[in-house]
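In: Starting from these lines, generate the structure:
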Amino acid sequence: QVQLVQSGGGLVQAGGSLKLSCVTPGRTSNGYAIGWFRQAPGKEREAVAVINWNGGLTSYADSVKARFTISRNNVRNTVYLQMNSLKPEDTAVYYCAAGTSGATMRAVDYDYWGQGTQVTVSS
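Out: Below is the predicted model of the structure:
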């Protein structure tokens, strides 16, 4: 069992920035790919960004490319999602997830999920 604890998020104006963190307390997240997903009201959960176990491979949804950056610090067992130039359409609950199937953009490939954190972007 892998526990993921999220922090960050909140309310920001359009054009602003936020940074989300995802920690696996008490155990290493090494060996796990980590993905950030989001779900807006009335919409399906979608992949935002993923990173493989050593940080050497990342993938992004087209809607966030060049605005969001995923990174990880395996010494601190932490994965980050830096979100810049935020838009109202980025408003959603964001989840981090861990899996062993590689850095895929499919939610079904991730076995463990964080508690979710709200990101709200005002226009």
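In: Do I have it right that V64 meets A49?
Out: Yes - if you go by CB atoms under 8 Å, V64 and A49 touch, sitting 6.6 Å apart. C-beta here means a position set from N, CA and C on the backbone, and glycine is covered the same way.
In: These two: which has the busier surroundings?
Out: A49 (26 against 22; other CB atoms under 10 Å).
In: Please identify which helix or strand holds the more buried one.
Out: strand 46-51 (DSSP states H and E).
In: Packing partners of that strand?
Out: strand 33-39, strand 58-60, strand 68-73, strand 78-83 (3 or more CB pairs under 8 Å, 6 or more residues apart in numbering; DSSP states H and E).
In: Look up how far M105 lies from the residue nearest the centre of the chain.
Out: Nearest to the mean C-alpha position of the chain, by CA atoms, centre = their mean, lies W36 at 2.4 Å. Going from W36 to M105 by CB to CB, to the nearest Å gives 11 Å.
In: what touches both of those two?
Out: Applying CB atoms under 8 Å, 6 or more residues apart in numbering, one finds that W36 and M105 are jointly contacted by 47, 50.
In: and the closest residue to Y80 other than its chain neighbours, how far is that from E89?
Out: Counting by CB to CB, 6 or more residues apart in numbering, Y80 lies nearest to S71, which is 5.0 Å off, once chain neighbours are set aside. Taking CB to CB as the criterion, S71 is separated from E89 by 23 Å.
In: for the protein, which spans come out with low pLDDT?
Out: Within the chain, the ranges that satisfy pLDDT under 70 run 26-29.
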